[in-house]
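In: just need the structure, nothing else, for what follows:
(chains A and B)
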Amino acid sequence: RKEVEQDPGPFNVPEGATVAFNCTYSNSASQSFFWYRQDCRKEPKLLMSVYSSGNEDGRFTAQLNRASQYISLLIRDSKLSDSATYLCVVRMFSGGYNKLIFGAGTRLAVHP
Amino acid sequence: EPEVTQTPSHQVTQMGQEVILRCVPISNHLYFYWYRQILGQKVEFLVSFYNNEISEKSEIFDDQFSVERPDGSNFTLKIRSTKLEDSAMYFCASSSSGTGVYTEAFFGQGTRLTVV
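Out: Down below sits the predicted model:
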């Protein structure tokens, strides 16, 4: 089983749509969770951390369900500029330090 | 805003040649990482580095790979004898903490390595 699994998409949505991405992780010892955004051939950039109580940042809402080992990202009122690949990322603590484990990403295309 | 910088942005090399990828982490960061992303695939952890030594490495990071912090600012990844399958985007990252649960890791813009 993959460490972090995501639906690869692509999700093609019109501007203004609401879109939700899901992610599951296999290691229950995973410590913390993030959504990164990656534009084509660019570096990953942190979109938001995902806290146990769920958190919101403007049009973006992230949820975590530790019991189900499930993470979600909701984007409301999609903009053209939201078109990118969204990476579900889990931080593992190993050997005294932590490292990031990436999902393969979900591609979002927002069209006019 | 401080950033991680990587050079070169694109490197083409012949199979069997050695390459060195360079990174300048954010100046007050102490933890450094290399990740790679083969085209169309996920970002994969290669190695983490702290206090002038490797703290963890993945199965990908075999004897052909090495990392070094030759001075106070640079962090390098060396591939001794490149193979075609080493072609990928290599990302350097740094963070202020290696143990902080929500400490952000900042990524450089990447070096695209093409082995021909």
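In: so where's chain A uncertain?
Out: Along chain A, the model assigns pLDDT under 70 to residues A:94-96.
In: near chain B, which residues of it are found?
Out: Within chain A, the positions lying close to chain B (Cβ under 8 Å from any Cβ of the partner chain) are A:31-32, A:38, A:41-46, A:49, A:87, A:91, A:93-105. (Glycine included, C-beta is placed from N, CA and C.)
In: write a PyMOL command that selects only the buried members of those residues.
Out: Here is the PyMOL selection string for the buried members of those, based on 16 or more other Cβ atoms under 10 Å in any protein chain shown:
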select buried, chain A and resi 32+38+43+44+49+87+91+97+98+99+100+101+102+103+104+105
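In: just the residues of chain A next to chain B: which are in strands?
Out: Using DSSP state E, the subset of the residues of chain A next to chain B located in strands is A:32, A:38, A:45-46, A:49, A:87, A:91, A:93-94, A:97-102.
In: which SS class is the residue most central in space within chain B?
Out: Relative to the mean C-alpha position of chain B, the nearest C-alpha, by Cα atoms, centre = their mean, is the one of residue B:34, at 2.9 Å. For residue B:34, the secondary structure call by DSSP: H, G, I helix; E, B strand; the rest coil comes out as strand.
In: which residues sit in contact with the residue lying closest to it once chain neighbours are set aside?
Out: Counting by Cβ to Cβ, 6 or more residues apart in numbering or on different chains, residue B:34 lies nearest to residue B:46, which is 4.3 Å off, once chain neighbours are set aside. Contacts were defined as Cβ atoms under 8 Å, 6 or more residues apart in numbering or on different chains; by that measure residue B:46 touches B:33-36, B:57-58, B:60-61, B:65, B:77, B:90.
In: with residue B:110 instead?
Out: Residues in contact with residue B:110, defined by Cβ under 8 Å, 6+ apart, are A:41-43, B:6, B:9, B:37, B:89-91.
In: so how far is residue A:27 from it?
Out: When Cβ to Cβ, to the nearest Å is applied, the distance between residue B:110 and residue A:27 equals 27 Å.
In: so in that sheet, which strands flank the helix or strand bottoming out on mean pLDDT in chain B, and in what orientation?
Out: The helix or strand of chain B with the lowest confidence, counting by mean pLDDT, DSSP states H and E, is strand B:53-57 at a mean of 91. Sheet partners assigned to strand B:53-57 using DSSP bridges are listed as strand B:43-50 (antiparallel).
In: quick check, residue A:51 in contact with residue A:64.
Out: Yes - in this structure, residue A:51 sits in contact with residue A:64. The criterion is Cβ atoms under 8 Å, and the distance is 6.8 Å.
In: please name the nearest non-neighbouring residue to residue 14.
Out: Assuming you mean chain A. Distances taken as Cβ to Cβ, 6+ apart place residue A:111 nearest to residue A:14, at 5.9 Å, with adjacent residues excluded.
In: sorry, I should have been clearer: chain B.
Out: residue B:116 (6.0 Å).
In: no further questions, thank you.
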